[in-house]
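**Student:** Quick check, what structure comes out for this input:
(2 chains)
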Amino acid sequence: MIALTPYIVIIPLAGFLLLGLGGWRIKSERTLGLIGSGTVGLSFLLAAGAFVQLLGEQPGSRKHIFELFSWISTGTGGSSLSIPVSYQVDQLSILMTLIVTGVGFLIHVYSVGYMHGDPGFARFFAYLNLFIFAMLNLVLADNFLLMFLGWEGVGLCSYLLIGFWYEKTFTGDAAKKAFVVNRVGDFGFILGMLLIFKTFGSLNFTTVFNGAGVLSVGNPTIFWVTLLLFVGATGKSAQIPLYVWLPDAMAGPTPVSALIHAATMVTAGVYMVARCSILYALAPATLEIVAIVGAATALFAATIGLVQNDIKKVLAYSTISQLGYMFLAMGVAAFSAGIFHLMTHAFFKALLFLGSGAVIHAMHDEQDIRAMGGLKHELPTTYKTFLIGAVAIAGIPPFAGFFSKDAILLNAFSSEHGSAVLWVAGVVGAVMTAFYMFRLVSLTFEGEKRFDPHAVHPHEAPKSMTVPLIVLAILSVVGGFVGVPHYDLVEEWLSPVFAPARLKLMGVEAGSGTTEWLLMAVSVAAAVGGVIAARRIYLDRIDLATNAVQRFKRLYTVLLNKYYVDEAYDAAIVRPILNISEGLLWRGFDVRVVDGAVNGTAKLVEGISARLRKIQTGVAQSYALVFVGGIFLIVSWYLLR
Amino acid sequence: MNFIDQHILTVVVFLPLAGALAVAFAPVTSDETIKRLGLAAVTVPFLLSLYLFFAFDSTKAGYQFVQHVPWIATLNISYFVGIDGISLLLVLLTTFLMPLALLGTWNSVDRRLREYTAVMLLLEAGMLGVFVSLDLFLFYVYWEAMLIPMYFIIGIWGGQERVYAAVKFFLYTLFGSLLMLVAILSLAYFASTQPGGQFTTNLLDLSLLADRIPPNLQLWMFAAFALSFAIKVPLFPLHTWLPDAHVQAPTAGSVILAGVLLKMGTYGFIRFCFPLFPDAAVRAAPILAVLSVVGIVYGALVAMVQTDMKKLVAYSSVSHLGFVVLGIFSMTEEGMQGAVIQMVNHGLSTGALFLLVGMIYDRTHTRMIADYGGAAKFIPVYATILMVVSLSSMGLPGLNGFVGEFLVLVGAFKSGILDSYAYAAVAGLGVIFSAVYLLWMYQRVMLGPGREGGMYGGHTLTDLAPREIAALVPIIVFIVWIGVYPSTFLSKSAPAVRNAVEQMENARRGIHVRYAQVSPVSSSSIAKAPQAMPKGRR
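**Tutor:** Down below sits the predicted model:
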């Protein structure tokens, strides 16, 4: 099965080509949906087969490379550039592949119901298949450049899908913003690659990581490499300061938010750091930056999530916050804990987004939770599954999110690179997570109906949508058991991948048993406290919330307006660039200075010729006068000098 | 070498010339017939250059398909043509774009069609001549000859401000080329002052003189050549003729201007400045690299704020050509290979962009971005093709632009001659800005709510006709091809690039090794001189 790895990537590409070039001829949604989901399902089966085969191999030899053809190469000799299209299956990439194709498949199936009747049905599935293709390139690539192809490819699909309903004005803005902000990050990625190539003479993972193995910790070049790559990660994975595109990206269809902006693409940065664990292990300074940025983002986004009223916006900020947790894990060198959270998050966040899609569907495109309430009776399946997702993300045992978040918090405290401050940030973030999630659940599904029941008739979603919800709900319940502390299968599975990094990091052992239990108890208490507080306020004592808003009006406005970061970026970066480009460069330099000089020269020549023309009067006497005058001047100069 | 291979370049160059004569004097009156005749006259050279492509031996660095005939014997000027892998790609680009440019603008020209077609054919002959000449005099003749048809194309078939644009274009380029002529003559004269030497304009003979020219003289001659080429590229800050010329030129003129003409400048650097003045080139590399990096950012920033689509694309050319020059003067294999493939890429993507802008202009008679919005709803095929071409232009991996830009960045980054990361870092900013100006234009033209009834500029917008699609699809094919499997083309130019890089590297180290690039057919007078330099390796 492993030998079929290239097909895992090629099949979705075939689906894209089929749907993209021939889709407009296929009128039946059934056929289109079957092609769209079928290709991803097939990829998942191939990946599962490969996974099973890997299970049967020795841990040390679970790495296979498939080279297809030479992509970009120049020159000869040692330091020449030679980049193949080549895929690498190992413990990490197969895990990511399973998540991408598995969750991806469920979301494709869900989309068949969600996009029913949309005139762009074929186009939608073409884009989704292209996305899966790009994402698989990202995770299966065995060199940085091919990974970058996937990296930019998923960005493109994100752009296309955010702007899918292109007739709405704001989708175009959101799509462009997503692409451009991501490009800022990609600028860092590119420079990082250049530095890697200059340092190691190759962009191939094996070569680079082996080369890094002999370097010592604290190498300055590696510091810059990892920092630049991390800039790329902050773009793709929506971390401070480049997170601003993700909330706007919610303008896309909800399955897109679930697939791209929650479960898969936004985790690319986390994957990339994990893939380069050996490099990061060599750069403790970068690790510290990663941890701080991750913790700060986790907290920062959670505070905004507390007050948002758009169901998808709450989930979007929650995603940014959870990605922050993953980077916190990376920053404290708990690579497998981060990947573990990446996996469980893919389950429950996809579930939550798809659930919100079912709600939006039922409410005729209403997204404001202030106009919802009491939906649990009309949407029983959606409610139950959504509740499971909320419990999972809140970190209540034994749901999936509990184990992964607990692993991160434990490491944030006790890892060599961890600290109490990071841990406190994580716990406070966890309280807020539980709070905003149950605020969302309470306002959406419980309590009074705050919409006009005569105008809106909510109805449960069709089977194609509820079945994926149920499957994801099951995964959100049981998904955490693969990472139970001390029986952590995820860590065991991934350990060969992170072994070289671990060697550089020296002894990083979790704290004593008592500390561990204590920390766990605190984080559970935090989660439960958040849940209870939210339910109490939003179900029984809504006045507490309104009073708080009144008392802290300023703070509330700041949070509601997301700290005015968009406005600040606009005033500090976007406007000045446009003004300088237009006023100073174009109208100033181009038109005034250069063209002014060119036209001026032309005018000057013209003017001089016009004057010179007058000298040629044709009158011999005046020529003679000038002649005599000239002689007089020359002679006097000779005489008088 | 067989008879065909010896004469094929001449045939390729002169066929369009013959076509021009045929079009000018053919006893036909129907416009349709004239157009078909024109199309046939540019298609045959393309087919012949396909033969060149397949018959070209990519293991050799030297010139192939060489033809060498004495011309003005007293001055030792000869008709000397030949191509290496670099010129091969540019010849192919030229002959490939010509039919598409004519096909894509089939109904755009409504006056003096016969003259227009003839002049376009003359232009092609001139451009091809530039790319195959190995004699400086011959090269100069073509270089100047090609100016005239372009001048007429802008000046007669252009837009409102065509006369100003045409004169500006003409004077700008003429200014540069006159200095180049002076440099050519002094170089030829310098050859005659050498022991045993004689007056010559043979490129290969002259390149053997490189290390005998006193450094300062070399620098002056280099400057004269470089100025001429920099204007043509155009390199910042000599670019201001370009937006005017592009905007005023008719669509096919813009396509050829951007697609091919600009490459003559960058090609000139590689073909003439490097072998003739290697030391000066090495010394000047940082200056030219700085100008190109400034141009990359500057062009992109100014493109961002344009209100006219054509002008936006024109400024984007300044940015893209900056990458080419940066790659060339990185003097590394990666950088120069990137530059060569980027020349082709820019010809494809910018050529396609101009075609697309022209096509929508033909329908609505407006190029102002503000006059559009939501057009994708009415012209989905157009919107899709514009998206792909825009992505190619902004260097999305998997499409052609990325290959060139990335190689250039690698070259600039590792270049020992430039020796600073700053070049690549600043050039990399172009990656961000190109996404901004292209996507922003796309958004303002294509996305958002559509105008009622698809009315734009008072005209109903209709999607692309089969003929227009036929003109664009071949470009798309190569956009993807080069993006996925660039080796087809990179392998052709690799030996020539390697040769040039080695020579520059030696110049940097002060080593002067003779490279016999080809055995010139005729006697190479200087090489035979008694004090001739050490025998060439290889």
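**Student:** Let's see the pLDDT reported for the residue lying closest to residue A:602 once chain neighbours are set aside.
**Tutor:** Using C-beta to C-beta, 6 or more residues apart in numbering or on different chains and skipping residues adjacent in sequence, the residue nearest residue A:602 is residue B:171, 7.4 Å away. From N, CA and C alone the C-beta is placed, and that goes for glycine too. Per-residue confidence (pLDDT) for residue B:171: 83.
**Student:** doesn't residue B:171 fall inside a strand?
**Tutor:** No - counting by DSSP: H, G, I helix; E, B strand; the rest coil, residue B:171 is not part of a strand but helix.
**Student:** count of residues packed around it?
**Tutor:** Other residues within reach of residue B:171, judged by other C-beta atoms under 10 Å in any protein chain shown, total 15.
**Student:** can you check residue A:470 too?
**Tutor:** Neighbours of residue A:470 (other C-beta under 10 Å): 16.
**Student:** Which of the three states applies to it?
**Tutor:** Classified using three-state DSSP, residue A:470 is helix.
**Student:** Where does residue A:68 fall, secondary structure wise?
**Tutor:** According to DSSP states H and E, residue A:68 maps onto strand A:64-73.
**Student:** Each with direction, which strands does that strand pair with?
**Tutor:** Note on strand A:64-73: by DSSP bridges, its sheet partners are strand A:82-89 (antiparallel).
**Student:** ok, and what's touching the strand it pairs with?
**Tutor:** Contact with strand A:82-89 is made by A:2, A:5-6, A:9, A:50, A:54, A:63-74, A:97, A:140-143, A:145-146, A:202-203, A:205-206, as judged by C-beta atoms under 8 Å, 6 or more residues apart in numbering or on different chains.
**Student:** Export it to PDB, keeping only CA atoms.
**Tutor:** What follows is strand A:82-89, C-alpha atoms only, in PDB (Å, rounded to 0.1, in the frame of the first residue of the first chain):
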ATOM      1  CA  SER A  82      18.100  20.200  -7.500                       C
ATOM      2  CA  ILE A  83      14.500  20.000  -6.400                       C
ATOM      3  CA  PRO A  84      12.500  16.800  -7.200                       C
ATOM      4  CA  VAL A  85       8.800  16.300  -6.800                       C
ATOM      5  CA  SER A  86       9.200  13.700  -4.200                       C
ATOM      6  CA  TYR A  87       7.000  12.500  -1.300                       C
ATOM      7  CA  GLN A  88       8.000  11.200   2.100                       C
ATOM      8  CA  VAL A  89       5.800   8.900   4.200                       C
END
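**Student:** Name the residues of that strand that come out as buried.
**Tutor:** A:83-89 (16 or more other C-beta atoms under 10 Å in any protein chain shown).
**Student:** Show me which residues of the stretch 151-300 of chain B sit near chain A.
**Tutor:** B:168, B:171-172, B:237, B:240-241, B:243, B:298 (C-beta under 8 Å from any C-beta of the partner chain).
**Student:** low-scoring stretches of the chain, by residue?
**Tutor:** Just going to use chain A. Where chain A drops to pLDDT under 70, the residues are A:75-79, A:506-512, A:615, A:617-618, A:641.
**Student:** um, chain B though
**Tutor:** The model of chain B has pLDDT under 70 over residues B:1, B:511-538.
**Student:** Residue 470 - nearest residue in space that isn't next to it in sequence?
**Tutor:** Unless you meant another one, I'm taking chain A. Residue A:470 sits nearest to residue A:385 (C-beta to C-beta, 6+ apart), 6.3 Å away.
**Student:** my bad, the chain I had in mind was chain B
**Tutor:** residue B:103 (6.4 Å).
**Student:** got a list of what the one you found touches?
**Tutor:** Going by C-beta under 8 Å, 6+ apart, residue B:103 touches B:39, B:467, B:470-471.
**Student:** what about it, distance to residue B:465?
**Tutor:** Residue B:103 sits 11 Å away from residue B:465, taking C-beta to C-beta, to the nearest Å as the criterion.
**Student:** now swap in residue A:305 and tell me
**Tutor:** Relative to residue B:465, and taking C-beta to C-beta, residue A:305 is found at 51 Å.
**Student:** more neighbours, the two?
**Tutor:** Legend: neighbour count by other C-beta under 10 Å for residue A:305 and residue B:465, higher for residue A:305 (27 against 13).
**Student:** Look up the closest residue to the more buried one, ignoring the ones flanking it.
**Tutor:** Counting by C-beta to C-beta, 6+ apart, the residue nearest residue A:305 is residue A:317, at 3.7 Å.
**Student:** now do residue A:176
**Tutor:** residue B:439 (4.8 Å).
**Student:** Name the secondary structure element that contains residue B:82.
**Tutor:** Residue B:82 is located in strand B:77-83, with elements delineated by DSSP H and E.
**Student:** Check residue A:316 too.
**Tutor:** helix A:311-331.
**Student:** same deal with residue B:197?
**Tutor:** Here residue B:197 is assigned to no helix or strand, by DSSP H and E.
**Student:** My read is that it contacts residue B:189, right?
**Tutor:** No - Residue B:197 is beyond contact range of residue B:189, at 10.2 Å (criterion: C-beta atoms under 8 Å).
**Student:** which residues in the chain form strands?
**Tutor:** Reading this off chain A. For chain A, applying DSSP state E gives strands covering A:64-73, A:82-89, A:483-484, A:487-488.
**Student:** that's the wrong chain, I wanted chain B
**Tutor:** Going by DSSP E, chain B shows strands at B:64-72, B:77-83, B:455-456, B:459-460.
**Student:** Quick one: closest of those strands to residue A:397.
**Tutor:** Shortest distance between residue A:397 and the strands of chain B, using C-beta to C-beta, is found for strand B:455-456: 60.6 Å.
**Student:** For the residue nearest to residue A:470, grab the count of nearby residues.
**Tutor:** Residue A:385 has 25 neighbours, counted by other C-beta under 10 Å.
**Student:** and the gap between it and residue A:396?
**Tutor:** For residue A:385, the distance to residue A:396 - C-beta to C-beta - is 16 Å.
**Student:** ok, now which ones touch the closest residue to residue A:198 other than its chain neighbours?
**Tutor:** Excluding the flanking residues, the one nearest residue A:198 by C-beta to C-beta, 6+ apart is residue B:414, at 5.4 Å. Contacts for residue B:414 (C-beta under 8 Å, 6+ apart) come out as A:79, A:194, A:197-198, B:330, B:332, B:334.
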